[in-house]
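Colleague: Sequence below, structure please.
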Amino acid sequence: MGRVAADTSQVKKYQAPALEKGLDILEILSSHSMGLTQVEIARELNRSVGEIFRMLVVLCERGYLSLDSVTDKYALTTKMFEISHRYPKIKRLSSLAAPVMNELAQKINQSIHLAIFSDESVLVIGQVDAPGYHGLSVRLGAKLDVWKASSGRVILANSPQSLLDAHIAVAPPGDQSEIDTIKEELTKVRAKGYEQRRSYVIKGVTNVSVPLIDYSGYAIACLTVPYIEMLDDHDQLPLRDCREALLKAAHYLSEQMGGNIAS
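Modeller: Numbering: from 1, shown residues only. Next up, the predicted model:
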């Protein structure tokens, strides 16, 4: 008992209140992708506005937060994403996905990209070109409109309802009728386990997107094949076979990430 008491004393002795407040702010905002105002952050942390003001200023100056001048909301920037690539889950995901994507691209002769949800957009964090002369590539680091990217729709379809509702509130896809249609479509996407449809922006391309599921049972990322049908390739793998290969690759990566994919 004496040893436990000593350890507790040591922990209290080395507390850093300012650091704790800064970390609390980052953790709170990581659960609110659309951001929060200063008052809302203070309320979430059960602190006064004055207590967190200086923390917010410093975090903005260091590039960890951005302040929307229109909504007065603070949100995480991609700096946290960049730092996370130095080791944790995203770096592990990228490292695991690279050889799988390369092997899959060779097998299906199509390009593949890996994307995550970031700053209200879809961020491409991995890209493998088709091995042949023709293919559609998406630039690494590109940010895509969630509603015009199958990867964004698939991630939202496999995300908590709160994230979907928050994104619709900030970036509605249209009027209430269109919102209801989107919700119905995403429900079907989640039930099927993938989305397959014509590209929203490029004629002649069929997007096939499959979620990567983490331990929470929700999507951490998405693999997408922008399928192009070649007119002069009689040995081309059919779209259905490409989809099955993509589903198998995504299932493998989800398992490697500790994904809860039993359902």
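Colleague: Going by C-alpha atoms from here, please, whenever you check contacts or count neighbours.
Modeller: Fine.
Colleague: so where's the longest helix in this structure?
Modeller: Taking DSSP state H as the criterion, the chain has its longest helix at helix 89-108.
Colleague: Which neighbouring elements make contact with the helix or strand following that one?
Modeller: For helix 89-108, the following helix or strand on the C-terminal side (DSSP states H and E) is strand 112-118. In terms of contacts (3 or more CA pairs under 8 Å, 6 or more residues apart in numbering; DSSP states H and E), strand 112-118 is packed against strand 121-128, helix 150-157, strand 219-228.
Colleague: Direction included, what does strand 112-118 pair up with?
Modeller: strand 121-128 (antiparallel), strand 219-228 (antiparallel) (DSSP bridges).
Colleague: Specify the angle between that strand and helix 89-108 in degrees.
Modeller: The directions of strand 112-118 and helix 89-108 differ by 150 degrees, with axes from the mean of the first three to the mean of the last three CA atoms, to 10 degrees as the criterion.
Colleague: What's the mean pLDDT across strand 112-118?
Modeller: In this model, strand 112-118 has a mean pLDDT of 91.
Colleague: can you check stretch 147-165 too?
Modeller: The model assigns stretch 147-165 a mean pLDDT of 92.
Colleague: Buried by neighbour count: which residues of that stretch qualify?
Modeller: Using 16 or more other CA atoms under 10 Å as the test for burial, stretch 147-165 gives 147, 149-159, 163-164.
Colleague: Only C-alpha atoms, please: export it in CSV.
Modeller: The C-alpha trace of stretch 147-165 is given here as CSV (Å, rounded to 0.1, in the frame of the first residue of the first chain):
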residue,chain,number,x,y,z
TRP,A,147,-20.3,13.8,-51.8
LYS,A,148,-18.5,13.5,-55.2
ALA,A,149,-16.2,10.7,-54.1
SER,A,150,-17.3,7.1,-53.6
SER,A,151,-14.5,6.8,-51.0
GLY,A,152,-16.1,9.6,-48.9
ARG,A,153,-19.6,8.1,-49.2
VAL,A,154,-18.3,4.7,-48.2
ILE,A,155,-16.4,6.0,-45.2
LEU,A,156,-19.5,8.0,-44.0
ALA,A,157,-21.7,5.0,-44.6
ASN,A,158,-19.5,3.0,-42.2
SER,A,159,-19.1,5.8,-39.6
PRO,A,160,-21.0,6.7,-36.5
GLN,A,161,-24.4,8.4,-37.1
SER,A,162,-23.1,11.5,-35.3
LEU,A,163,-20.3,12.0,-37.9
LEU,A,164,-22.7,11.6,-40.8
ASP,A,165,-25.2,14.0,-39.2
